[in-house]
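Peer 1: take this sequence and fold it.
(chains A, B, C and D)
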2 protein chains.
Amino acid sequence: MLKQETLSKNQQIVLDYIEKVNEPIKAYSILHNVQKKGIKAPLQVYRALDKLVEIGKIHKIESRNAFVACKNSNCQISKATVFSICESCEEVSEISDSKLSKYLKNFQDKAGMKFNKYNLEFFGLCKKCSVK
Amino acid sequence: MLKQETLSKNQQIVLDYIEKVNEPIKAYSILHNVQKKGIKAPLQVYRALDKLVEIGKIHKIESRNAFVACKNSNCQISKATVFSICESCEEVSEISDSKLSKYLKNFQDKAGMKFNKYNLEFFGLCKKCSVK
DNA sequence: TTACACAATGTTATATTATAACAATTAACA
DNA sequence: TGTTAATTGTTATAATATAACATTGTGTAA
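Peer 2: All right, here's what the predicted structure looks like:
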């Protein structure tokens, strides 16, 4: 079988919803919102999420157990993600900064170990919240 | 009340155990192992963990839902952590690289937002696993 | 030294997040 | 068209984490 080019039914339903809400969303919230589409059980959501993460269509915000659509059309950075998270309003943005990406991609630890994959989550106050 | 200088009983029990095992460990595993010390419920462990994270004695590995003792004696970087994680054996090391820290501490996004706190998790194969 | 405030504890119950196990169905392709 | 792998459906349960509330300990100031 060739590498998957089209999404399966459940994968498409879940992705459509995640792209529609356009902000990080949790698995069970997705479940509640796609039940009208015929998805009934958590596993159906988690299986779709696993696949979508794997192919880079979405990312997981680890510190929040939430999922968000990838904004980078090519999805080439699916395994190397950077997010900013507002600790007040919980707004999350995906950061795509070529200099930072390059720096991290080339980083080696003291033993010379290199990393093809990383996840960086920055925390602070977004513009709105910092003026409150 | 002055800022806490000594740990409470439960906090000390949990920290002692985490320092002893010297590798990332999960909350319920901690619970099972400190029951002989009189800690009976998950909440007692989670409360201790929360405080220990807050004061920088331990860190949470978000992608693994696990906790590990901070190796930096001063714990000043408690809110700015970098880990390398082996995807094969799950070995985790805390990376302390002053150049990287400085780079991340000074990073600003395109809107000029700065971050006092971050968590970076690198994934790859450790030396042992990469020769297998 | 007592009384106030706050931190920490103990306890039960429950919420939230995620996976195991197994049967059935669908889709690509040799 | 038969084979193989991916996907689905379903029930149950595991793993992670917090709510709520009563109680006890501890530092500090009146």
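
Peer 1: which residues touch A:E91?
Peer 2: Applying C-beta atoms under 8 Å, 6 or more residues apart in numbering or on different chains, we find A:E91 in contact with A:E23, A:I85, A:C126, A:K128. In short, each C-beta sits where N, CA and C put it, glycine included.

Peer 1: do that again at 10 Å, thanks
Peer 2: Contacts for A:E91 (C-beta atoms under 10 Å, 6 or more residues apart in numbering or on different chains) come out as A:E23, A:P24, A:S84, A:I85, A:L125, A:C126, A:K127, A:K128, A:C129.

Peer 1: which of those lies closest to DNA strand C?
Peer 2: Distance ranking of the contacts of A:E91 against DNA strand C, using C-beta to the nearest atom of the strand, places A:P24 first at 10.6 Å.

Peer 1: and chain A, which residues reach DNA strand C?
Peer 2: Within reach of DNA strand C by C-beta under 7 Å from any atom of the strand, chain A has these residues: A:1-2, A:6, A:26-29, A:41-43, A:46, A:50, A:65.

Peer 1: which ones among the contacts of A:E91 are found in helices?
Peer 2: A:K127, A:K128, A:C129 (DSSP state H).

Peer 1: now, which of these lie close to chain B?
Peer 2: Applying C-beta under 10 Å from any C-beta of the partner chain to those, one finds that A:K127 fall near chain B.

Peer 1: quick one: the strands in chain A, in order.
Peer 2: A:58-61, A:66-69, A:80-86, A:92-94, A:117-124 (DSSP state E).

Peer 1: dump those to a markdown table, plus distance to chain B.
Peer 2: Shown next, in a markdown table, are those (distance: least, C-beta to the nearest C-beta, whole Å):
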| stretch | distance to chain B |
| --- | --- |
| strand A:58-61 | 8 |
| strand A:66-69 | 12 |
| strand A:80-86 | 6 |
| strand A:92-94 | 7 |
| strand A:117-124 | 4 |
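
Peer 1: returning to what we had before: tell me which of the contacts of A:E91 is nearest to B:K79?
Peer 2: Closest approach to B:K79 among these (C-beta to C-beta): A:I85, at 13.0 Å.

Peer 1: list the residues that contact the closest one.
Peer 2: Per C-beta under 10 Å, 6+ apart, neighbours of A:I85: A:24, A:61, A:63-64, A:66, A:91-93, A:121-124, A:126, B:115, B:117-119.

Peer 1: can you flag the buried ones in the ones in helices among the contacts of A:E91?
Peer 2: Among the ones in helices among the contacts of A:E91, not one is classed as buried by 16 or more other C-beta atoms under 10 Å in any protein chain shown.

Peer 1: my guess is A:L49 meets A:Y28, correct?
Peer 2: No: using C-beta atoms under 10 Å, A:L49 is not in contact with A:Y28, being 11.3 Å away.

Peer 1: re the thing from before, of the contacts of A:E91, closest to B:K110?
Peer 2: Nearest to B:K110, judged by C-beta to C-beta, of the contacts of A:E91 is A:S84 at 10.0 Å.

Peer 1: quick one: contacts for that closest one?
Peer 2: By C-beta under 10 Å, 6+ apart, A:S84 lies in contact with A:91-95, A:120-124, A:126, B:107-109, B:111, B:113-115, B:118.

Peer 1: A:K60 touches A:A69, doesn't it?
Peer 2: No: in this structure, A:K60 is not within contact of A:A69 by C-beta under 10 Å, at 11.6 Å.

Peer 1: what sits in contact with each of these two?
Peer 2: Jointly contacting A:K60 and A:A69 under the rule C-beta under 10 Å, 6+ apart are A:P24, A:L52.
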